[in-house]
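[1] Show me the folded form of this:
(chains A and B)
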Amino acid sequence: MAKTSKQFIQDLPKIYGTYTGGFLLFIIVMGIAEKMGVSGRNIGLMFVGFTIFIYALIGWISRTTDVDEYYLAGKKVPTVFNGMATAADWMSGASFVAMAGGIYFGGYTYMAFLIGWTGGYVLVSTLLAPYLRKFGCYTVPDFIGARYGGNFARFCAVVILLIASFTYVTAQITATGSIAQKALSTPAFPVSFEFGCWTGLITILICSMLGGMRSVTWSQVAQYIVLIIAYLIPVFWASWKFNLGIFPHVMLGDEVTRLAALEQQYGLTKHTKDVLDAAKIPNDALGNATSLKYIVAGHSAVPAGHEVAWRYISLALCMMIGTASLPHILMRYFTTPTVTSARRSVGWSLFFIGLLYLTAPMLATVSKISLMDPNLPTAIIGKKIADVTQIEWVKNWIAVGQVRIVDFNNDGILQLNEWFMNEDVVVLATPEIAGLPYVISGLVAAGGLAAAMSTADGLILAMANAISHDVYYKMIDPKASVQKRLIVARVLLVVLGSLACLMATLKLTGILGAVAWAFDFAMSGLFFPLVLGVWWKRATRSGAIAGMICGLAAGFAYLVWVGVPNKDITFFMGATPWKDIHWIFVDNLRFGIPGALVSLITMVTVSLVTKPESKAVMDMVDEVRISTGKTVIR
Amino acid sequence: MATPKQEAHWQATKRLMIITLVIWFFFSTVVFMFAADLNSASFLGYKLGYYMTAQGSMLAFIILIFWSNSRQEKIDREFGFSDEDREED
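    Numbering: from 1, shown residues only, chains lettered A, B, ... in the order given. Okay, here's the model as predicted:
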């Protein structure tokens, strides 16, 4: 067993190299099939079906009955592969499908997410990952439980983990469902959104149930390879096709400048709310799937003023600190062979994440210039509306309500602010806009699905493991046999997955709010108890408990108080209208700031007034701080 | 209790942590306090403020992590707390 698994680790580059080659070959075969007249729908179906089959196969091959394998993938995931798995774990359906669209419409202010969703890894690598790995815990609450002692602290951490992860996972299932629905539907056999969700969930469960962390790890690596190929190919291809440069990342300077000139020419004119309401443009503050947007923000302009700077920085800070507190990310670093490799694999994670995030602004640039630049054959802005509505891709997206044209000034010419589009369309439609073969669109659908599924996998596993290990095994039945523990863990996966799927199919995501909330919840409750657990010996159990409870409560209370603008959720009815509290510019996306501040203050104060922890705890912290020696627990 | 060697190792680690976080703070926060002003300069043909948010800071983070890790590994080796050649199972 030990020998074969070592052989397996050594063979990994070969295995995934073959897999990547096979996938590229599959893309070429599909391209030939398209030339030979296979319909676009069937190609999409093949892409989604083929990749889902591969993930399920990996999940099945990696099945295990060993606790260390189930929770920690046997602690032998090599540095670089763990980096890839973390990148897939990290990049959600939203990163893949919505991020470039967000940049497209939001410009500079939206790009705070780019900084926020990458900078946090510096915190993970310096403050947490190596020390948590040295600890040898199975889950994040396991660390809290062992460092501070007592079931109550452990339980608080489990609750925060569940709140943060559940907020996040429903959005992933929704994304999986809508992509699967689009890909699996045929005119003769239309498929419902619910069917898409449940099909996605079954595959997600096959990837995680049989082998836990081990299955999830190896399918996440496979999913990363699919999603990064799917993201990069269209951008490079479109950039070559329009002669924008061989390597878009360093060569789009002219196009970015040109966009600024075109914005001047066409004008960035904002509509009033009444005009939009009269035209019945769906608009949802939480970025609901049906909302349509038009370009008002400059592509590369940075608005001046303290307010813009503070809003940008505060959002980036929330996302960064949230990153360093999200359990499904931290637990990936428990699976590396050594402490040093845990630290190194954080660097690789960010490298692999960067490949996509550095490309997102370039994708937005290529997509926007191909619609706006009158010198390109694909341009639509400034053309006759009657002609534009005849274009194939415009027709298709209008039919499903994701694109709309409203001729406000009745001149029959499409102006910049008369073109409405859903954010997701930017990524999904760029291949069609640029006139690339349909095979690329199929590839992009498979990539989006891989991104959503891999994140959902990690999140559901994090939740199920926290309940099965921390609540069931550590609190309820410490004498449970290995067999029984693994059965409980698997039943929980199914229950939690189904619950998330139910929420998605009932379209309750609006209530759960934005993905950003998951980061705020995690940072409000977990960041300081985790970091101070390693970096401050004086932190005590009571301090940590106070920090977790007060931080979460303060963050949540602030969220309820500030409410969500333009959104009638009666549950979150902010007693104060949004406009009255603009003095600090901390809105519902940034409630982690008050949450984490309260958490820090209460944790430090309570720790200082309570008795220092015992010598055993001090020795344990000393032990955690060095890389050598056995893991601290077990 | 921590041995003097452990104590010295932790001091060096803490110093590196502070340096790393200061650089991190610069690229994640300070730069964006002045992004509007930076936008009048240009880099690779991009406006600098735009470039920093689209690529610059992210590249800085990646380099920073790899640099800081190599420094940390050096510290670990210096005090004899390196686990790099540890048997993997």
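[2] Identify the residue spatially nearest to residue A:552, adjacent ones excluded.
    Counting by CB to CB, 6 or more residues apart in numbering or on different chains, the nearest residue to residue A:552 once its immediate chain neighbours are dropped is residue A:525, at 4.1 Å. Every C-beta, even on glycine, is put in place using the N, C-alpha and C of the backbone.
[3] list the contacts for that neighbour?
    A:156-157, A:160, A:163-164, A:325, A:547-548, A:551-552, A:555, A:595, A:599 (CB atoms under 8 Å, 6 or more residues apart in numbering or on different chains).
[4] for residue A:490, same thing?
    A:209, A:464.
[5] If you count neighbours, what's buried in the helix or strand that contains it?
    Following DSSP states H and E, one finds residue A:490 within helix A:482-505. For helix A:482-505, a neighbour-count test (16 or more other CB atoms under 10 Å in any protein chain shown) marks A:485-486, A:488-490, A:492-493, A:496-497, A:500-505 as buried.
[6] if you average pLDDT over that helix, what comes out?
    Taken as a whole, helix A:482-505 has a mean pLDDT of 89.
[7] And for stretch A:620-634?
    Computed over stretch A:620-634, the average pLDDT equals 82.
[8] Quick one: residues in contact with it.
    A:130-131, A:134-137, A:142, A:146-147, A:338-340, A:533-534, A:537, B:1-2, B:6, B:9-10, B:13, B:76, B:80-83, B:86.
[9] Counting neighbours, what do you get for the residue of the stretch 201-350 of chain A found nearest chain B?
    In the stretch 201-350 of chain A, the residue that lies nearest chain B is residue A:253 (2.1 Å; CB to the nearest CB). Residue A:253 has 19 neighbours, counted by other CB atoms under 10 Å in any protein chain shown.
[10] Leaving out chain neighbours, which residue sits closest to the residue of chain B found nearest chain A?
    Here chain B gets closest to chain A at one residue, residue B:45, 2.1 Å apart by CB to the nearest CB. Closest residue to residue B:45 apart from its sequence neighbours, by CB to CB, 6+ apart: residue A:253 at 2.1 Å.
[11] and what of residue A:362?
    residue A:248 (4.6 Å).
[12] quick one: contacts for the one you found?
    A:235, A:236, A:239, A:359, A:362, A:365, A:366.
[13] Which residue ranges of chain A form strands?
    A:403-405, A:419-421 (DSSP state E).
[14] Mind giving me the PyMOL select for the contacts of residue A:525, buried ones only?
    Those of the contacts of residue A:525 that count as buried under 16+ other CB under 10 Å are selected in PyMOL with:
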select buried, chain A and resi 156+157+160+163+164+325+547+548+551+552+555+595+599
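[15] coming back round to it: most tightly packed of the strands of chain A?
    Ranked by mean neighbour count, the strands of chain A are led by strand A:419-421 with a mean of 22 (mean count of other CB atoms under 10 Å in any protein chain shown).
[16] Need the residues that contact it.
    Counting by CB under 8 Å, 6+ apart, A:281, A:292-295, A:371, A:380-381, A:397, A:402-406 sit against strand A:419-421.
[17] Could you list which of the residues you listed belong to helices?
    Among the contacts of strand A:419-421, the members falling in helices (DSSP state H) are A:371, A:397.
[18] Can you tell me which of the contacts of strand A:419-421 has the lowest confidence score?
    Where pLDDT dips furthest among the contacts of strand A:419-421: residue A:281, at 72.
[19] burial measure for that residue, as a count.
    As a burial measure, residue A:281 scores 17 neighbours (other CB under 10 Å).
[20] wait, it sits on residue A:404?
    Yes - judged on CB atoms under 8 Å, residue A:281 makes contact with residue A:404 at a distance of 7.0 Å.
[21] Residue B:42 and residue A:280, how far apart?
    Plainly put, residue B:42 is 42 Å away from residue A:280 if you go by CB to CB, to the nearest Å.
[22] quick one, which of these two is more surrounded?
    Under the criterion of other CB under 10 Å, the comparison of residue B:42 against residue A:280 puts residue B:42 first, with 15 against 9.
[23] Report the beta-bridge partner residues of that one.
    residue B:47 (DSSP bridges).
[24] ok, back up a step: number of nearby residues for the residue of chain B closest to chain A?
    Neighbours around residue B:45, by other CB under 10 Å: 14.
[25] Quickly note the distance from residue A:407 to residue A:114.
    34 Å.
[26] Now find how far off-centre stretch A:370-387 is within its chain.
    Here the centre of stretch A:370-387 is set off from its chain's centre by 33 Å, with CA atoms, centre = their mean, to the nearest Å.
[27] those helices in the stretch 351-500 of chain A, which residues are they?
    Secondary structure of the stretch 351-500 of chain A, counting by DSSP state H, counting those that start in this stretch: helices at A:360-372, A:385-388, A:392-399, A:425-433, A:438-465, A:482-505.
[28] try chain B
    Counting by DSSP H, the helices of chain B are B:4-25, B:31-33, B:35-38, B:48-51, B:57-78.
[29] Which residues does the third one contact?
    Contacts made with helix B:35-38 from outside it, assessed by CB under 8 Å, 6+ apart, are listed as A:108, A:302-305, A:308-309, A:312, B:31, B:47-49, B:52-53.
[30] want to try a markdown table for these, with distance to residue A:629 as columns?
    Listed next are these as a markdown table, based on distance: CB to CB, whole Å:
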| residue | distance to residue A:629 |
| --- | --- |
| A:108 | 48 |
| A:302 | 49 |
| A:303 | 52 |
| A:304 | 54 |
| A:305 | 53 |
| A:308 | 49 |
| A:309 | 46 |
| A:312 | 43 |
| B:31 | 40 |
| B:47 | 51 |
| B:48 | 47 |
| B:49 | 47 |
| B:52 | 42 |
| B:53 | 42 |
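[31] Now that we have those residues, which of them are buried?
    Judged by 16+ other CB under 10 Å, buried ones among the contacts of helix B:35-38: A:108, A:302, A:303, A:308, A:309, A:312, B:31, B:47, B:48, B:49, B:52, B:53.
[32] out of the helices of the stretch 351-500 of chain A, nearest to residue A:262?
    Relative to residue A:262, the nearest member of the helices of the stretch 351-500 of chain A by CB to CB is helix A:360-372, separated by 5.0 Å.
[33] For that closest one, list the C-alpha coordinates in PDB.
    Taking Å, rounded to 0.1, in the frame of the first residue of the first chain, the C-alpha atoms of helix A:360-372 are listed here in PDB:
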ATOM      1  CA  ALA A 360      -9.700  38.700 -16.500                       C
ATOM      2  CA  PRO A 361      -9.000  42.400 -17.200                       C
ATOM      3  CA  MET A 362      -7.500  41.500 -20.500                       C
ATOM      4  CA  LEU A 363     -10.600  39.500 -21.400                       C
ATOM      5  CA  ALA A 364     -12.800  42.500 -20.500                       C
ATOM      6  CA  THR A 365     -10.600  44.700 -22.700                       C
ATOM      7  CA  VAL A 366     -10.700  42.300 -25.700                       C
ATOM      8  CA  SER A 367     -14.400  41.800 -25.400                       C
ATOM      9  CA  LYS A 368     -15.100  45.500 -25.100                       C
ATOM     10  CA  ILE A 369     -12.900  46.600 -27.900                       C
ATOM     11  CA  SER A 370     -14.500  44.000 -30.200                       C
ATOM     12  CA  LEU A 371     -17.900  45.600 -29.600                       C
ATOM     13  CA  MET A 372     -16.900  49.200 -29.600                       C
END
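[34] Show me what that helix is packed up against.
    For helix A:360-372, the contact count by 3 or more CB pairs under 8 Å, 6 or more residues apart in numbering or on different chains; DSSP states H and E identifies helix A:99-106, helix A:212-241, helix A:248-251, helix A:253-266, helix A:425-433 as packing neighbours.
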